[in-house]
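Asks: Return atomic coordinates for the entry below.
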Amino acid sequence: MSKSLITLSIFLLFCGILSAQNVTIKGTVSEAETGIPIPGANVLVKGTNQGLTTNFDGNYQIEVPMGATIVFSYIGFTSKEVHASKSTITNIFLEVETSLLDEVVLVAYGKQKKESVVGAQSTIKSEQLKVPVGDLTTAIAGRLSGVVATQRGGGPGQNGANLFIRGVSTFASSPQGPLLVVDGVPDRSINNIDPEDIESFTVLKDATATAVYGTRGANGVILITTKGGRPGKPIVNAEINSAISTFTRLPEFIDGPTFMSLYNEGQETRGQNAAFTPEEIRLSEMGTDTDLHPNVNWYDKLFNDFGTNKRLTVNISGGAENATYYISAGYFGETGLFKTGDVEAFNSELKYDRFNFTSNLNVNVTKSTKIDFGVNGFITNYNRPAAGVSQIFNLATQTAPHIIPAQYSNGQWPQLQGTPASPYMALTQSGVTNEINNTVRSNLRVSQDLNSIIDGLSATAMFAFDVNSFNGTTRSRTLPTHWATGRDEQGELITEISFTGSEDLGFSLERFGDRRFYLETALNYNKKFGVHDLSGLLLFNQSDYRDATKRVESYTASIPYRQRNFVGRINYGFQNKYFAEANFSYSGSDNFVPDQRYGFFPSFGAGWVISKENFFKPIEDVISLLKVRYSYGLSGNANINDPNSRFLYLSTIGESGGYTFGIPGSQRSYTGYNESRIGGNVQWETSYRHNLGIEMNFLKDDLQLIVELFKERREGILLRDYTIPYVSGFTTGNIPFNNVGKTKNKGIDITLDYNKSLSENSYIQFRGTFNYNKNEAVFDGLPPWKYPYLDRIGHPISQRFGYIATGLFQSDEEIANSASQAGDVRVGDIRYKDLNGDGNINSSDQTAIGYGSIPRIVYGISIGGGYKGFDASLFFQGVGQVDFNYSGGFGTTPFSQGSSYGNMYANVLDRWTPENPDPRPFYPRLSTNQTTTTNYYTSTWWIKPADYLRLKQAEIGYTIIGDDNNIEVFEKFRIFISGTNLLTFSTWDFWDPELGDGRGTAYPNTTTYNLGIRLTF
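Replies: As a prediction, the model looks like this:
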């Protein structure tokens, strides 16, 4: 064999060996979070220049040497490496890079690089809002620093939370909640938004972030944007959740025999005769005749153990290079824990159904013109007993357990005249109320690139139209009721009519609606000049809102609300480490004097990324980011809570009770009119806010800390000016409103985030938030009080006032040597502090007590992690420095209406008695309405701590990637179980501490246990 032939043979053999060692890898590169393919992702053989990019559908195919490492990467995502051991189909899912996730953040009227932001704001991933509840507002508390949320009830369709940004900063005469902005349109409610449709959720907290909203930004702003599509093949996500719910905590009542025994005790220990005989108590306890001697636990009669809720969502997204789309539909349904009766004429089940829809279309008409069109909305159907949810709870506390049964054995409905009828009758037989609410929101935005005129210049224009309609029907009745007086010789009940009533259903109808027009135009400029970054905004918007809801009771309230706003902003950055921002709003409202309708609200902020300085380099491995920022500015609040009190600068004329003329003995009276309200020179209230922020990243950006210190002064709050003396001719009814109120607020927000990938398929996450704020009333429009300790000035807004309880009287000698208290005073009664030292306990001895019902401290702790498809998370939410007033009334004040009217909670068993003279029981010596005592005055005795720590949400799930398991039916499959309000740790364990002031007579918050399945196709 010739040398050349041998050489050729060796070469061919070597090539064959090389060919045999090459493998082909192909598949799709997608986002791990959404499953959406990523066109243009980089696929590179590590250590070489060999590589390619994915096509329009995110697909790739590459031939590489066996054993090579392939690196998959894309801007904004964490790179992923795969070892090529054989030819295979390998689908890659890239995780969003945490350090880059917020590189561009949402701000007022636009977006901005995160490092250049000098204002205070908090953001949250939309996935954290996907909890098995119907109202989005209930999922926010503790997840974002600076947000205070209180949920005062959990009834289906009525379980929204009250939101405050950095607490309460103004008096209740003005709105205290934030401005809500959805898809760039202000004043859109967020309660019924499906979390599945949310792209971003941002809270703006300081003046630099909110001044551009002018007379509507003083209470903070919440920005929500809904999802849009991305280029690529259609991606379908479907999710179904099914849950059962139960009350977090429900108070317990005493039974009938205990009620009678304690009533006797309340009389006998006050020197009176017992109302109930031992035989009456024994018959109720035996339960042999529940018609004549009932013993009813009303909550057992009214409520089921469990309710249900369901949530289904389907969305599809995709598009081409010049047009993308996102379309979704969702359903949420919840049934309450109320029982229903056997009634064919109507269905009074407590139930709430909501249908959501969202459609967002983005079209690049030309290379420089873009159109965004969105339509979204919801339809709700709320069904309840005609008696009303709150009334059912009230009736349960008003109806004694030993007077009537739920229903007589002969089918008649019971009622003792002068007391309520059976709560079970109200629940099941009162009729039905059905309310249907339809809301449609639309917005059209046109964006025009003007680089051909001025490089970096662009313009936008948007028009939005929202409409809401409400239809409510009530079919109600009050059935005949009877009172059983005994049994005849045959053992049949002898009854007499208590109330004639009617079997027929009455009918009433409510219809109303409202609509809003919103117009916005803007010029934007964004340009980089070497080490200089410059951007600017000039914007105009106008809102026209016509309120036709049931709040409208006058012609004045029906006049459209109109607001107008001129906005300017300029941002400057130098070397990507020095930043400054100035903005303003020239904002007007039609509520004020025509020549004073516009106000000017400027703000300024500056930031410094210290970690980019040369002197910082020695510690940059420990602290990878250090940024400080400061802002100061003004924002306003021009709204009022009562729509019938608009145009306060106008005087109004109303009917007078009459005028009397003449001298005594020859007087004559006439009817007429008077000035029912005197107009005042009113305008908006103004907030002056400082904010100092510090941002720090550690551990190569895995650990992030944000600390915000804030201080606010609020002036010009609309209040009646009661410092005007009566000699002026004004009365309490027509004293004019003026901008006289003043408050202060200060505090701190902290956010701590830790995100760490431990390996290719495992990670851990931690997020902690903390918010503390303390407000103070500086001036409230009231004249000086008689004693300094009575003055509301210097105390928190809405501070409670009451008596200081120093304990219980321990002896008759102590009573004799103490200040005089009204009524019957005995050993075991509450002793009050005589603040003015006059020897008498009266209203002059009241002072500030307790923290208040809105927490000063709100915090949250979220812990999560994942490993090889499994993931788990826990979210704890808590509040501190908050309490509630255990207020007097049915259920809480023993026997306030006598022996046959009113129920009583079981904690009355913890009481002072001569046999058990506990110095600090829950209840003092008992009494009835036959005796007057001071025990139930509002005092520190009845102020109870409402601090709690709650396991707000827990979830565990497992995700299967279709291609990794040779499954072609789906791309991703996830199954998970979750729960909401699972555990509550609190010193108050009688009812849910979040319910706030009152008697616990509200539909409690609920615990839910949920099973969910999610599919991506």
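
Asks: where along the stretch 751-900 of the chain do the strands fall?
Replies: Remark: strands assigned in the stretch 751-900 of the chain by DSSP state E, counting those that start in this stretch are 762-779, 801-802, 805-808, 830-832, 847-848, 857-867, 870-880, 883-885.

Asks: ok now whatever helix or strand comes next after the last one, how far from the chain's centre?
Replies: Scanning the chain past strand 883-885 towards its C-terminal end, the next helix or strand to appear is strand 943-945 (assignment: DSSP states H and E). Shown here is strand 943-945, whose average C-alpha point lies 23 Å from the average C-alpha point of the whole chain (CA atoms, centre = their mean, to the nearest Å).

Asks: what about the stretch 351-500 of the chain, any weak spots by pLDDT?
Replies: Residue ranges of the stretch 351-500 of the chain with pLDDT under 70: none are present.

Asks: hmm, back to that, so which of the strands of the stretch 751-900 of the chain gets nearest residue 725?
Replies: strand 762-779 (17.0 Å; CB to CB). (Each C-beta comes from the backbone N, C-alpha and C, glycine too.)

Asks: mind listing the helices for the chain?
Replies: All helices of the chain, identified by DSSP state H, fall at 3-21, 98-101, 207-210, 256-268, 278-286, 298-302, 389-398, 423-429, 555-558, 812-816.

Asks: May I see the ones you listed organised as TSV, with distance to residue 651 and mean neighbour count added?
Replies: Converted to TSV, these look like this (distance: least, CB to CB, whole Å; neighbours: other CB atoms under 10 Å):
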stretch	distance to residue 651	mean neighbour count
helix 3-21	94	10
helix 98-101	56	16
helix 207-210	34	32
helix 256-268	54	21
helix 278-286	62	15
helix 298-302	50	18
helix 389-398	37	21
helix 423-429	45	24
helix 555-558	12	13
helix 812-816	55	12
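
Asks: In this structure residue 397 contacts residue 891, no?
Replies: Yes: proximity of residue 397 to residue 891 meets the contact threshold set by CB atoms under 8 Å, at 3.6 Å.

Asks: Name the residues contacting each of the two.
Replies: 902-903, 999, 1001 (CB atoms under 8 Å, 6 or more residues apart in numbering).

Asks: In terms of distance to residue 185, which of the residues you listed ranks first?
Replies: Out of those, the member with the shortest distance to residue 185 (by CB to CB) is residue 1001, at 37.7 Å.

Asks: which residue packs closest to that closest one, ignoring adjacent ones?
Replies: Once flanking residues are discounted, residue 1001 sits nearest to residue 393: 4.3 Å by CB to CB, 6 or more residues apart in numbering.

Asks: Contacts only, for the one you found.
Replies: For residue 393, the contact set (CB under 8 Å, 6+ apart) comprises 1001-1003.

Asks: Residue 569 now?
Replies: Counting by CB under 8 Å, 6+ apart, residue 569 touches 109, 212, 536-537, 581-584.

Asks: how near is it to residue 901?
Replies: In this view, residue 569 and residue 901 are 63 Å apart by CB to CB, to the nearest Å.

Asks: Check residue 989 too.
Replies: 28 Å.

Asks: rewinding a little: reformat the contacts of residue 393 as CSV; add pLDDT and neighbour count.
Replies: Below are these laid out as CSV (pLDDT from 0 to 100; neighbours: other CB atoms under 10 Å):
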residue, pLDDT, neighbour count
1001, 88, 21
1002, 89, 20
1003, 92, 23
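
Asks: Nearest to residue 687 among those?
Replies: Of all the contacts of residue 393, residue 687 sits closest to residue 1002, with 32.2 Å by CB to CB.

Asks: Do I have it right that that closest one meets residue 153?
Replies: Yes: counting by CB under 8 Å, residue 1002 touches residue 153, with 4.5 Å between them.

Asks: any residues in contact with both of these two?
Replies: With CB under 8 Å, 6+ apart, residue 1002 and residue 153 have common neighbours residue 995.

Asks: follow-up on the earlier one: which of the contacts of residue 569 count as buried?
Replies: Neighbour counting over these (16 or more other CB atoms under 10 Å) leaves 109, 212, 536-537, 581-584 as the buried ones.

Asks: Which of those fall in strands?
Replies: Members of these lying in strands (criterion: DSSP state E): 536-537, 581-584.

Asks: which one of the contacts of residue 393 is nearest residue 406?
Replies: Each of the contacts of residue 393 was checked against residue 406 using CB to CB; the closest is residue 1001, at 18.7 Å.

Asks: The closest one: what's it in contact with?
Replies: 390, 393-394, 396-397, 890-891.

Asks: distance of it from residue 582?
Replies: On the measure of CB to CB, residue 1001 and residue 582 end up 52 Å apart.

Asks: got it, and residue 561?
Replies: Residue 561 is 30 Å from residue 582, by CB to CB.

Asks: What's opposite the closest residue to residue 541 other than its chain neighbours in the beta bridge?
Replies: Closest residue to residue 541 apart from its sequence neighbours, by CB to CB, 6+ apart: residue 520 at 4.1 Å. Counting by DSSP bridges, residue 520 forms beta bridges with residue 462, residue 541.

Asks: Number the chain from 28, please
Replies: Right, with 28 as the first residue, what we last looked at is residue 547.

Asks: how many neighbours does residue 547 have?
Replies: Neighbour count for residue 547, taken as other CB atoms under 10 Å: 22.

Asks: residues in contact with it?
Replies: Contacts of residue 547 (CB under 8 Å, 6+ apart): 211, 487-491, 566-569.

Asks: go on, residue 198?
Replies: Taking CB under 8 Å, 6+ apart, we find residue 198 in contact with 744, 746, 768, 770, 804, 807, 824-825.

Asks: again, only this time at 7 Å
Replies: 744, 746, 768, 807, 824 (CB atoms under 7 Å, 6 or more residues apart in numbering).

Asks: Report the separation between the third one and residue 1023.
Replies: The one in question is residue 768. 24 Å.

Asks: list the contacts for residue 139?
Replies: residue 132.

Asks: no, scratch that, I was asking about residue 150
Replies: Neighbour list for residue 150: 129, 132, 227-229 [criterion: CB under 7 Å, 6+ apart].

Asks: Pull the number of nearby residues for residue 866.
Replies: Residue 866, neighbours per other CB under 10 Å, totals 9.

Asks: Next one: it, what pLDDT does it get?
Replies: Looking at residue 866, its pLDDT is 95.
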